[in-house]
Every structure is written in C-alpha cells, then in structure tokens.
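Undergrad: Model the following, please.
(2 chains)
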Amino acid sequence: MGCEEVREALDAYALGALTPEEARAVEEHVAGCSDCRKLLDEANHVASLLPFGVPLWNPNPQVRQRILSSAEHWAEARQATLRSRLAKAALPIAASLLLAFAIGSLIWSYSLQSRVNDLDDDVGGVQRQVQFVGSRQAEISTSLVSMDQQFEDYNSLLGEQSTIFTTLTAPDVRTVQLWSKNQDVKAKGAYFYSPQNGTGGLTCTNLPSLAEGKVYHLWFFHEGKAYSGGSFYSWNGVGLHGVDLAQQGLHGPFSGYGVSIEDKGATVLWPTSELVLYAENSR
Amino acid sequence: MEEFRRRQASPEAYSASKLAIEAEEGELFERLLQQDLRAFETLYDRYSSLVYSTALRIVSDPSTAEDVMQEVFLRLWRRPENYVPQRGRFVIWILSVTRNRAIDELRTRGRRLKRETLPSWNVEDSLSAVSSDDPAGDVQLNDERRIIIRALAKLPPEQRQPIELAYFRGLTQQEIANLLHQPLGTVKTRIRLGMQKLKPLLKDEEEE
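TA: Numbers count the residues shown, from 1 in each chain, chains lettered A, B, ... in the order given. The predicted structure follows:
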C-alpha cells in the first residue's frame, strides 16, 4: 500500500472503520513512514475528540454508590489478600528461620558445651600438669637435696679415704684393733693413726646394719671423757672413716676407742647406745 | 509536557484555570496510583457523565451503558497504571477505553444495533450542560465539548453520519455503505471529507 492509498484510508482507520486486513496494511505502512504517521496522529486526535460531542446524560446516582462501594471493597479485599499472601509467604520463611535458628543454636550450644568440656578437660589437664610439675618439682627438689647430701657424703668419704690413705702411708702409723663386746656380733675394726700427720682412720667389717635415720659414730675416750670422732655409714657391713685429728683438736693420747650407733644429725656428748666396737689403748 | 508548553504559549486558548485543573489531575492520578479512594471519587464525579454518555451513545441502553461505565471505572481503580500520562490526556484515554469497551459490548450483546442507525444528533441536545459536583472540571469539559459540538455542527449530516456510525457503532465502511444503501466509494469519500473538514475546525475552535 502506497502513501496516497494509505492517506485516503487514515481517517477511516482512526475511526475504526477499516476491515482487519485494511487496518493491518495501514499499520505496516505507517510503521516505516513518518509523514503518514504524523497524518495518522492528527486523524486519531480528531477521532478521540468525537465523544465530547455526544449528548450528555447523568448516570443513575445509585451507580455512583455501587461503583465507589465496589472500589472500596476491592481495595480491602486486595489488602487482605496481600496480607494473607505475605503471611503465607512469611510463615514458611519464619518457620525456616526459626528452624535454622534452633538448629544453629543447638549446634552452637553443642559446640559451646564441647568447648566448655574441652576447656574443662584442658583445665583439668593443666591442673594435673601443675600438680605433676609441682610434685616433680618437689621430687626434684628432694632429689636435689638428696643428691646434694649424697654429694656431700661422697665428698666427705673421698676426703676421709684421702685421710685414711695419708695415715696408712705415714712412717709413724700406729694401729689399734677394735672388737665387738657382744659375742654374737662378729664386727671388728682397726683404727690407725699418725701423730706426725695428726690424722687417723677406721676400717670396719661385719658391722650390724643401720636402721633408718641412724649412723655409726666414732668415739675417743680419755680420763672419763668421750670425744666425738665423727659419724659414718657402712656398705655391706664395711665401714671406712677418716679423721683429721689436728683439725678437730683431737690431739690425744686416748685411752680407748669405740663405735656406737646414734641418730643422724644429733649432737651427742656420750654414746647413747651400746658400743658395737671397742678398743683400749694398750700403750 | 510538550502539550503543556504549547498551551502555556497560547494563554488565550487555554486559561490559567484549565492549566490548574490539568495540574490537579496529575496529582489526582498520582493519588489514584496510591489507591486513594477520594481521588477516585473526584475523577468519577468529573468524568462519569461523559463516560456514561459515550457508552450510552454506543450501546443505546442505559443499563448496559452503566455496566460499561462501572467496568471502565473499576478497571481504572484496579489497574491505574494502564494509563500512561506521557501518551496523552487522561480524559481522552478514558473515553477511548469506554468506546472500545462499549463497542465490544455492542458486538457481543446487540448485533441487532449494528443494523440500525444512530439516534439523530443535534447541537441543542449535545450542548445541554450537565451539572456535577465538580464545577471546575465542568468548566473545562464544557469548553472542550462546545468546541467539538460546534465543529460537528458545521459538518453536513451526510458526512457526520458515516463518521458517527464508524466511531459509535464500530461499523466498517462497507457495513456503513450497506446500512445507508450507499456505494462504498461514496462512504469512503464522505468519511474522509468530513474528517478533513473537522481538523481545521477543531484547530480554529481551539485557537478561539
């Protein structure tokens, strides 16, 4: 359809007086023709004004009320529907959220409980470790004290052995045999000393075993007095004890020698128990 | 907006009161989009007579015309977004919707009417003013109606009649020719001449 033919049909088109086929042909043409499109707009404008020319009548006033009432009811129903849809939509969401929250809380609670348990375990473990460390510290401290004591003992023993060796190799060494007064006790010993060196030493065998907290004690006797020559231990009944006579102010001469068993660390001025070994100076 | 500016440039044709009414109509429509029942009520009071009269002119039955009007207004209330302000004035749009809906009703309910001519049209009947509760709106509509009616009154009846049968009966040119017992070519020519004559008349009237 050309422009001229279309333009002859534009007014009828605007009035809706064309057959569907004619109308389609016009539409196809104006879609690609701006001049015809402009003319069609003018025709449409004129056609759209035609209702202004109809005789005017008022509708029934009851229709007004009916329409307004329907509009109001529809708005209310729409609001109710929207609320209902919102509620329906919100319910599963809320339920899902609640469920998720519950599950989350459960997991969180379990996790917290687990962490608390872990912490309890940790605290218990730490407490046990602290106790262990404390006990180990006490043990180590005790061991250290013990080791220190043993070191002192060994050091003392080493010193005594040195004293004994010095005494035995001295040219003026003299020896006194010690015996047990008790026939049942087979202990015996030898006390040797060097007036020149001022040292002395005691060797013993078959000494009776010591009870816990007990030590052997060497005594020097003279004119009714007893002089302490120091304490010592035994190993398998064998006892060695060196004495620095000059350092301890034990110058002699002594009329007798003896070995008793005393409490460890106790200060005694006289043997508190029967002498396990005894000797009188024959000189 | 273009139309708004054009009208601002021709204050002799478009009074300040008309511009104010158009601005108010824009506000009414905005409120209608927000489901403001008062705005709907105002628009109904302003245009119900014109809508009803247009439907009545087409279906020729008051009850059917009321049904058409009710449907048009409730459709506006339910789907106000169907009107796009950028495409033209609200009153033109709602009258176009009314015409289309009434023609549909005519085609489904009253095929018999399509075989009848329209009631006779005369200037006096058409110029009869109808009062409403919206005097400001009345002024604008009555002014526009007077322009159209005077233009239509200047058309020869043989040109006005096929135009009305096309627009208010939904008849094709061939159906009009058959109804009026005139050759198709004559109907086409009269329609075209009548429409071409209306264009300058409406323009002249608008510029008065």
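Undergrad: The helix or strand hosting residue A:46: which residues count as buried?
TA: Using DSSP states H and E, residue A:46 sits within helix A:34-49. For helix A:34-49, burial by neighbour count (16 or more other Cβ atoms under 10 Å in any protein chain shown) applies to A:36, A:39, A:40, A:42, A:43, A:44, A:45, A:46, A:47, A:48, A:49. Glycine gets a C-beta too; all of them are placed from N, C-alpha and C.
Undergrad: Might you enumerate the residues of chain A proximal to chain B?
TA: By Cβ under 8 Å from any Cβ of the partner chain, the residues of chain A that approach chain B are A:8, A:11-12, A:14-19, A:42-43, A:46-60, A:63-64, A:66-68, A:70-72, A:74-75.
Undergrad: In strands, which of those appear?
TA: In strands, judged by DSSP state E, none of the residues of chain A next to chain B are found.
Undergrad: Next, count neighbours for residue 183.
TA: Because you didn't say which chain, this covers chain A. Neighbourhood size, residue A:183 [other Cβ atoms under 10 Å in any protein chain shown]: 6.
Undergrad: right idea, wrong chain: chain B
TA: Counted with other Cβ under 10 Å, residue B:183 comes out at 10.
Undergrad: now stretch B:78-91: mean pLDDT?
TA: Stretch B:78-91 comes out with an average pLDDT of 88.
Undergrad: That stretch and chain A, any residue contact?
TA: Yes - shown here: stretch B:78-91 in contact with chain A (Cβ under 8 Å from any Cβ) through B:78, B:88.
Undergrad: so what's the residue lying farthest from the centre of chain B up against?
TA: No residue in chain B sits farther from the centre than residue B:183, which is 28.7 Å out by Cα atoms, centre = their mean. Residues in contact with residue B:183 (Cβ atoms under 8 Å, 6 or more residues apart in numbering or on different chains) are residue B:177.
Undergrad: quick one: pLDDT of it?
TA: pLDDT, residue B:183: 96.
Undergrad: which phi and psi does it have?
TA: Residue B:183 adopts backbone torsions of phi -60, psi 150, taken as degrees, to the nearest 10.
Undergrad: And residue A:258, by the same measure?
TA: The phi/psi pair for residue A:258 (degrees, to the nearest 10) is phi -160, psi 160.
Undergrad: Kindly report the same for residue A:276.
TA: According to degrees, to the nearest 10, residue A:276 has phi -80, psi -20.
Undergrad: number of nearby residues for it?
TA: Neighbour tally, residue A:276, other Cβ under 10 Å: 24.
Undergrad: residues touching it, list them.
TA: Residue A:276 sits next to A:180, A:182, A:185, A:187, A:207, A:208, A:216, A:259, A:260, A:261 when contact means Cβ under 8 Å, 6+ apart.
Undergrad: May I see those residues arranged in a markdown table, with pLDDT, secondary structure and neighbour count as well?
TA: As requested, the contacts of residue A:276 are exported to a markdown table (pLDDT from 0 to 100; DSSP: H, G, I helix; E, B strand; the rest coil; neighbours: other Cβ atoms under 10 Å in any protein chain shown):
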| residue | pLDDT | secondary structure | neighbour count |
| --- | --- | --- | --- |
| A:180 | 88 | coil | 21 |
| A:182 | 79 | coil | 12 |
| A:185 | 78 | coil | 15 |
| A:187 | 89 | coil | 19 |
| A:207 | 90 | coil | 25 |
| A:208 | 89 | coil | 16 |
| A:216 | 92 | strand | 23 |
| A:259 | 93 | strand | 28 |
| A:260 | 92 | strand | 21 |
| A:261 | 92 | strand | 19 |
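Undergrad: Just flag the most distant two among those residues.
TA: Pairwise distances among the contacts of residue A:276 were taken by Cβ to Cβ; the largest, 15.1 Å, belongs to A:182 and A:216.
Undergrad: Find me the pLDDT at the residue most central in space within chain A, would you?
TA: By Cα atoms, centre = their mean, chain A has its centre lying nearest to residue A:122, at 5.0 Å. Per-residue pLDDT puts residue A:122 at 75.
Undergrad: now swap in residue B:165 and tell me
TA: So, for residue B:165, pLDDT stands at 94.
Undergrad: got a list of contacts for the helix holding residue A:46?
TA: A:3, A:6-7, A:10-11, A:13-16, A:26, A:29-31, B:88, B:92, B:95-96, B:144, B:148, B:167, B:195, B:198-199, B:202.
Undergrad: residue boundaries of the helices in chain B?
TA: B:2-9, B:16-33, B:37-59, B:62-78, B:90-109, B:111-114, B:123-127, B:135-153, B:157-169, B:173-180, B:184-207 (DSSP state H).
Undergrad: any chance of the ones you listed in CSV, plus mean neighbour count and distance to residue A:101?
TA: Listed next are the helices of chain B as CSV, based on neighbours: other Cβ atoms under 10 Å in any protein chain shown; distance: least, Cβ to Cβ, whole Å:
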stretch, mean neighbour count, distance to residue A:101
helix B:2-9, 11, 56
helix B:16-33, 15, 39
helix B:37-59, 23, 41
helix B:62-78, 20, 40
helix B:90-109, 19, 51
helix B:111-114, 12, 65
helix B:123-127, 15, 71
helix B:135-153, 19, 57
helix B:157-169, 22, 65
helix B:173-180, 19, 70
helix B:184-207, 18, 68
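Undergrad: measure the residue farthest from the centre of chain B to residue A:12 for me?
TA: As judged by Cβ to Cβ, to the nearest Å, residue B:183 and residue A:12 stand 15 Å apart.
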